[in-house]
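**Student:** prediction below, plus the sequence it came from.
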Amino acid sequence: MPATQPNERDERFMARAIELARRATGRTRPNPLVGCVIVRDGEIVGRGFHARAGDAHGEVAAIEDADGDLEGCELFVNHEPCCHYGRTPPCTDAILDTGIERVVVGTIDPDPRVRGKGIETLRAAGIEVVCGVLEEESRRLNAPFFKYIRHRLPWVAAKWAMSLDGKIATHAGDSRWITGETARRRVHRLRDHHDAILVGTGTLLADDPRLTCRLDDGRDPVRFVVDAALQAPADHRVFQHDSDAPTVVLASEEADHSRRDRFAGADVDVVTVAADDNGWLNPRGILEAISERELLSVLVEGGGTLLGSLFDAELVDYVYGFVAPRLIGGADAPTPFDGHGIDSMNMSRRLTDPVVEQLGDDVLIHGPVGELPTAPDPEEV
Ligand SMILES: NC(=O)c1ccc[n+]([C@@H]2O[C@H](COP(=O)([O-])OP(=O)(O)OC[C@H]3O[C@@H](n4cnc5c(N)ncnc54)[C@H](OP(=O)(O)O)[C@@H]3O)[C@@H](O)[C@H]2O)c1
Ligand SMILES: [Zn+2]
């Protein structure tokens, strides 16, 4: 008889579900990452994950994979099973059809159409449901989804590459390349894993970046560039057709909008964002323009001015800081965050449980800054 309370065994199977879910990172928006395993007599007999919006949900993928009679089995899933018709029928129906008798869930789905109702539906049908197993890991996995549902803002990851003395370019503006090959490949994986990418005007003009993912198995994020005055030359690479992903130019109302004509025929949209008193685009407005397209996460690749204004507005959720064993010097050489910054050390932001990766001679330090978005309390639903 399967156990009623969460235990080490439940956590082990949940960890497998989370591992499966992670395989679709960057592919499921606006849906969460969901992985699932089905267990009979302590052995996994079915595995599945939600590969992309419109495809089978993790639970259904695992049921299809299991093949055969699932009467009396257990099902482990990191996210509450849905109970509504979306692009696909409710997973609760699919589970009830199998005769599965115990369901273990990581987090409650904060989506108001579900929010505990999936669990209620299963319990009402006599299935034993345990909720909150590896809750924090499940929430961390889907932090962009939780933030999007709660705040209608994308999860903001800041990325930069700096020399050991903390510079992101020379005083003359040269920044290619600070880190080595391995670190730069890692950046392409980050692009692959985020729904959107964003750079400021200075970076757009200085570096003429493509902002694409150059990995064989990668896909491009939707490319956002701040160009408040619509001044960037139309032959810049981000405006060219070397990507399946569109480019979105964020401009102010005051820009000369007749200049949009330059993009005729290209996959380029121009979106107006309100400007603040200093004439810069409102940082929250920039993020809202991203989430309006159902993009759950954005990788901000600089420069220091844009990152500084996001940091000052406390809008950065996660950082990826690459550090190269190289010295640049120069009081005028740019650093990762400009803006106002903070006054005293006790106001400095710390990464929670930072991860350190060695990438060739370079190092990557990454982790969340501030709180993870909350999930509904399993006790309250
Ligand atoms: N090593 C690295 O990882 C890395 C990464 C990126 C960039 N870089 C280097 O950084 C340099 C560019 O950085 P940067 O700081 O000059 O420029 P930036 O941050 O790319 O762009 C800043 C400009 O964007 C416009 N803007 C509009 N709204 C804004 C807002 N809310 N917040 C901030 N800016 C806003 C302003 O231009 P207007 O006043 O014209 O409106 C502002 O001057 C380049 O040398 C580049 O090579 C290095
Ligand atoms: Zn579902």
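**Tutor:** Yep, it's here. Ligands and ions are numbered 1, 2, ... in the order given.
**Student:** what about the strands in the chain?
**Tutor:** Secondary structure of the chain (DSSP state E): strands located at 35-40, 43-49, 74-79, 102-107, 128-131, 155-163, 196-199, 222-226, 247-251, 268-272, 297-300, 318-324, 355-359, 362-368.
**Student:** adding mean neighbour count, write those out as a markdown table.
**Tutor:** C-beta coordinates here come from the backbone N, C-alpha and C atoms, glycine included. Output for the strands of the chain, formatted as a markdown table (neighbours: other C-beta atoms under 10 Å):
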| stretch | mean neighbour count |
| --- | --- |
| strand 35-40 | 26 |
| strand 43-49 | 19 |
| strand 74-79 | 30 |
| strand 102-107 | 26 |
| strand 128-131 | 18 |
| strand 155-163 | 24 |
| strand 196-199 | 28 |
| strand 222-226 | 24 |
| strand 247-251 | 23 |
| strand 268-272 | 17 |
| strand 297-300 | 26 |
| strand 318-324 | 21 |
| strand 355-359 | 13 |
| strand 362-368 | 18 |
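**Student:** contacts for the helix with the most length in the chain next, please.
**Tutor:** For the chain, the longest helix by residue count, based on DSSP state H, is helix 8-22. Contact with helix 8-22 is made by 3, 33-37, 39, 42, 44, 47-50, 58, 74, 76-79, 104, 106, 130, 133-134, 137-138, 141, as judged by C-beta atoms under 8 Å, 6 or more residues apart in numbering.
**Student:** what's near enough to touch the residue in the stretch 51-200 of the chain that ligand 1 sits nearest to?
**Tutor:** Relative to ligand 1, the nearest point of the stretch 51-200 of the chain is residue 200 (2.4 Å; C-beta to the nearest ligand atom). By C-beta under 8 Å, 6+ apart, the contact set of residue 200 is 225-226, 302-303, 305-306.
**Student:** just flag the most distant two among the residues you listed.
**Tutor:** 225 and 305 (13.6 Å; C-beta to C-beta).
**Student:** leaving out the residues flanking it, which one is nearest to the residue of the stretch 51-200 of the chain closest to ligand 1?
**Tutor:** The shortest distance from residue 200 to any residue other than its chain neighbours is 3.3 Å, reached at residue 306 (C-beta to C-beta, 6 or more residues apart in numbering).
**Student:** touching, that neighbour and residue 226? I think so.
**Tutor:** Yes. In this structure, residue 306 is within contact of residue 226 by C-beta atoms under 8 Å, at 6.3 Å.
**Student:** list residues touching both of those two?
**Tutor:** Both residue 306 and residue 226 are contacted by 198-200, under the criterion C-beta under 8 Å, 6+ apart.
**Student:** tabulate these (TSV), appending pLDDT.
**Tutor:** Formatted as TSV, the shared contacts of residue 306 and residue 226 follow (pLDDT from 0 to 100):
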residue	pLDDT
198	98
199	98
200	96
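**Student:** can you tell me how far residue 18 is from residue 267?
**Tutor:** 35 Å (C-beta to C-beta, to the nearest Å).
**Student:** tell me how many other residues crowd residue 25.
**Tutor:** 15 (other C-beta atoms under 10 Å).
**Student:** apologies, that question was intended for residue 327.
**Tutor:** By the criterion of other C-beta under 10 Å, residue 327 has 10 neighbours.
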